Each structure stands twice: as structure tokens, then as C-alpha cells.
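make a model of this:
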Amino acid sequence: MTTKPRALRNQKTPGIFIGPTRCDEYRKARQVKVTELWSGLELQKLDTERTTLFMPSIDLLRESISCFQNGAYLATAVMCGAAIETAVYIAVIRKVVKKPGNGLKEGVFRISFDYIQSDWGRIIQSAKDKKIVDTKIEDRINFVRNKRNFSSRLAQKTDFALSTICKITSAVELWITENSAFGSLEAAASILKTIIAQDPVPEQELQRSTEEARELAVFMVELREQSAQIATAFMAFVSAGKDPPPIDDKGKRQWNQRIWLLVHALLSAASNISHILWPNPDKGRGPEAVSRSVRRGRELRLILGIKGENPMISRRVRNAFEHIDERLDDWLPTVPELIPFGWAVSTYNSEDEPEEAKNALRYLNIQSMNLRVAGENCNVEELVSWIASIERRIPLEAQMVLRKHEEE
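Predicted coordinates for the structure are as follows:
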């Protein structure tokens, strides 16, 4: 028996990392399997407009097939999950309104705004309500999604499996195998074929009237414009606050006036957004008008995915501005000064704040962005962030719909 010298025995063998490789010898066998699966979709036999409608999910399925052909099984499972979720979403929100013919060269499709910001739970529930997905299809969808979810936190799942190795009584899946990946492909292809081949939901179940669609589009455009006003006012407000206030009394007064003017503009626009999304209509307008206003607010919140109650922050603070006579009546008895501060824009940290500024009727701290008007408080920066989150959800399609109605 020969042995290596001690010096060589102590040397560590460098690790070898294998990067991209050529396809293995089993690719042809996988090619046969996916060719049969693709042929089984029978896309050429399906309604052309429906197939066009679902093209994004068909493309995703094609991507998953490519992954499988090349032995990328985990990627196959991920893409299958994307394909079926896209198919269900499309089935819920899109519809062929008119088919080609009678002078119409291309089909006309309609897209609902209602589910743009929705989570999967609401989308799948709507698909079940519309009879797009039954229990059998849902089971297959869950199978595909569970395989897809395997890729998330993969290292944690592997460590968990290893930590319980003594308790394991069945095989532990540490990676997506070829058979598992092909199972996802088969299920995804079956789901896709079933959904595309379905008879579409009757139009009256999905479509709003032209006037209702126009009304919602107009109000969404209004939300976008009010949000833009808030962004503009806030940028000017931040810019003004970066510079120290002037030393002379006149310059300081003008600086304060500009700050409060921008704050008032910002609060007014934020209050308008609050009124649009959570209307509180005057009962004197009549029950029909009140019902219509409340229903429209609910529809807008649904479309934009806004959950929960109205925070009411901006509306309360704005109201304190608007009803300043009442607020002054309530505030004056609480302050001892002969001519107390009615307006205070502070650049101090909270611990250094002068007492007279703290007691002002209207108080704004440039450092913290905290605003108080007659006991009503809000943080300007947080308010603007909340409005920005709503503005990002407003679909650009709203302006397209409005333009289309105006042209008609």
C-alpha cells in the first residue's frame, strides 16, 4: 500500500463549482413528454378570441415547458404556478365583448378594474363565485401552487427537514424532481385548457353600464389629480422648510404664511380624497343620490384595494382650519397670554420647544412634520405617504376609459 507524503495529505482539495452545462442525454425523452402535453392542449380547436385573451398564461406555460426540457425542475414548478394564477386572474377580469365580423377586424376585449390590487384569496373566491373554478379545478390549482411555493425559503425548509431527520418516516423532498415537475406541468396544462374552453360568463353578470363605468373613471381621474396637487404642495413645503426662516419680522411672517398656505392646500386635497373614497352625503339630496354616492365610494375602494375604515385624519384637521371661529372660541379660555400665538412653525427639537409655541392654536414642527390644529393632530409626511399609496393604485386605464367615452 502506498501512502501520500504528510505534506500532500494535509493539502485541501479545492472545491469545483459546476456552472451552466450542456443538456443531458435525457433531453430527448423529456422533449417527447412535453410535445405530447402541448399537443393535448389543442389550442387550435379553441375559440380564437378566448385563446388570444389568455395568451399571457399560455406564454408562461410555454416558458415552464422550456424549463422542463432543460432539466430545470424547480424553475418549471415556479413558472407553472405563475401560468395558472395568471389564467385565473384573466378569467376573472377580462372578457371578449365583440368578436370579429360585420366590419370588425379584431375582437373587442373588456378589462375590469376591480381586481387590480386584489390578493390571491379574493381572486380565487371570485373565480369560484363566477363558476370559473370548481372544487376539482381548485384542488389541481392548490397542487401546482404548493409545488411553486416549495421554492420560497428553500434553505429554511431544508434545515427544518434535517433537524427532524430522526422523526421522519417518509421521503423528504429537498428539491423538485423530474416526476414532480412534470406533474405540475400536467396539472397546469389541464387547468389552462379547462379555463380557456369554458363558456364565458354572461355579460350582464360582469359588465357595468356605460354610465357607471364613465362615472368611476371620472372619479379615479379626480383622485389622481388631487393626489398630484398634494405631491406638488408637499415638495414645495419640504423645499421651503429646508431653508432657515428669515431673521427680520416681515420676512419671517411671509415665510410662515407660505408654509401654512402649502399645508392648507395639502390638507384640502387630502380631505377631498377622503370624501371621494368615504362619502358622507347630505341626506337632503334624497335617498337615491345618497345610495348612489355611498355605492360609488365602495366601488372605488374595491377597485383600488383599500381596506378598513376611513382614517379621517386629514378631514378632521382640515375642518379645524375651516371652522376656525368655533375653534378660537374654545381655545381662548385655555391660554393665559393677552395675545397668544395663533400660528407657530417650529424648527426646534421637541425638548427645546418654547412653551408659547407648544400652546399655539395651529402648530407645525418642520423637523418631525407633526401638525396640530385646535387639538386635532396628524403627521404631514405620513399623510402624504398614505395618499401616495392610493395614487399608485389608480389604474392608468381610468384615463383611457374617460377619453374613450369623451370621443363617443
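
tell me where the model's unsure across the stretch 301-408 of the chain.
307-315, 321, 336-341, 350-358, 395-408 (pLDDT under 70).

strands of that one, residue ranges please.
343-346, 362-365, 370-373, 376-379 (DSSP state E, counting those that start in this stretch).

let me know the average pLDDT across the longest helix anywhere in the chain.
Counting residues, the longest helix found in the chain (DSSP state H) is helix 210-242. Here helix 210-242 scores 84 as its mean pLDDT.

helices or strands up against it?
helix 249-277, helix 287-304, helix 380-393, helix 397-407 (3 or more Cβ pairs under 8 Å, 6 or more residues apart in numbering; DSSP states H and E). For the C-beta atoms, the positions are set from N, CA and C on the backbone; glycine is no exception.

about what we covered before: return the most buried member of the strands of the stretch 301-408 of the chain.
strand 362-365 (a mean of 22; mean count of other Cβ atoms under 10 Å).

can I get it in CSV, CA atoms only?
The C-alpha coordinates for strand 362-365 follow below in CSV (Å, rounded to 0.1, in the frame of the first residue of the first chain):
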residue,chain,number,x,y,z
ARG,A,362,-52.0,76.0,14.9
TYR,A,363,-48.7,74.3,15.4
LEU,A,364,-46.3,72.7,12.8
ASN,A,365,-42.9,71.3,13.6
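
from the contact counts, what lies against it?
Against strand 362-365 (3+ Cβ pairs under 8 Å, 6+ apart) you get helix 249-277, strand 343-346, strand 370-373.

who does that strand pair with, and is each partner parallel or antiparallel?
The strands beside strand 362-365 in its sheet (DSSP bridges) come out as strand 343-346 (parallel), strand 370-373 (antiparallel).

from Gly375, how far out is the closest residue in space to Leu53 that isn't next to it in sequence?
Nearest residue to Leu53 in three dimensions, chain neighbours excluded: Arg94, at 5.5 Å (Cβ to Cβ, 6 or more residues apart in numbering). Here Arg94 is placed at a distance of 50 Å from Gly375 (Cβ to Cβ, to the nearest Å).

which one's more surrounded, those two?
With neighbours defined as other Cβ atoms under 10 Å, Arg94 and Gly375 compare such that Arg94 has more, 18 against 13.

export the strands of the stretch 301-408 of the chain as JSON lines, with columns for distance to Val317.
Compiled in JSON lines, these are given as follows (distance: least, Cβ to Cβ, whole Å):
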{"stretch": "strand 343-346", "distance to Val317": "15"}
{"stretch": "strand 362-365", "distance to Val317": "10"}
{"stretch": "strand 370-373", "distance to Val317": "5"}
{"stretch": "strand 376-379", "distance to Val317": "5"}
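
out of those, which gets nearest to Arg62?
strand 376-379 (49.0 Å; Cβ to Cβ).

can I get the closest one as CSV, trimmed to CA atoms?
The C-alpha trace of strand 376-379 is given here as CSV (Å, rounded to 0.1, in the frame of the first residue of the first chain):
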residue,chain,number,x,y,z
GLU,A,376,-56.5,67.7,16.0
ASN,A,377,-53.2,66.1,15.2
CYS,A,378,-51.6,64.4,12.2
ASN,A,379,-48.1,63.9,10.7
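
tell me which strands it pairs with, and in which orientation.
strand 370-373 (antiparallel).

all strands for the stretch 51-200 of the chain, in order.
Under DSSP E, counting those that start in this stretch, the stretch 51-200 of the chain gives strands at 94-98, 108-111.

nearest spatial neighbour of Ser268, skipping sequence neighbours?
Closest to Ser268 by Cβ to Cβ, 6+ apart is Arg318, at 6.1 Å.

tell me how many other residues crowd that neighbour.
With other Cβ under 10 Å as criterion, Arg318 counts 22.

who are the contact partners of it?
267-268, 270-271 (Cβ atoms under 8 Å, 6 or more residues apart in numbering).

let's see that with 10 Å instead.
264, 266-272, 274, 373, 376, 378 (Cβ atoms under 10 Å, 6 or more residues apart in numbering).

circling back to that earlier point, mind checking which of the strands of the stretch 301-408 of the chain is nearest Gln156?
Among those, strand 376-379 comes nearest to Gln156, with 36.5 Å by Cβ to Cβ.

show me how far that closest one is from its chain's centre.
Chain-centre distance of strand 376-379: 27 Å, with Cα atoms, centre = their mean, to the nearest Å.

out of the helices and strands packed on helix 210-242, nearest to Ile141?
helix 287-304 (23.4 Å).
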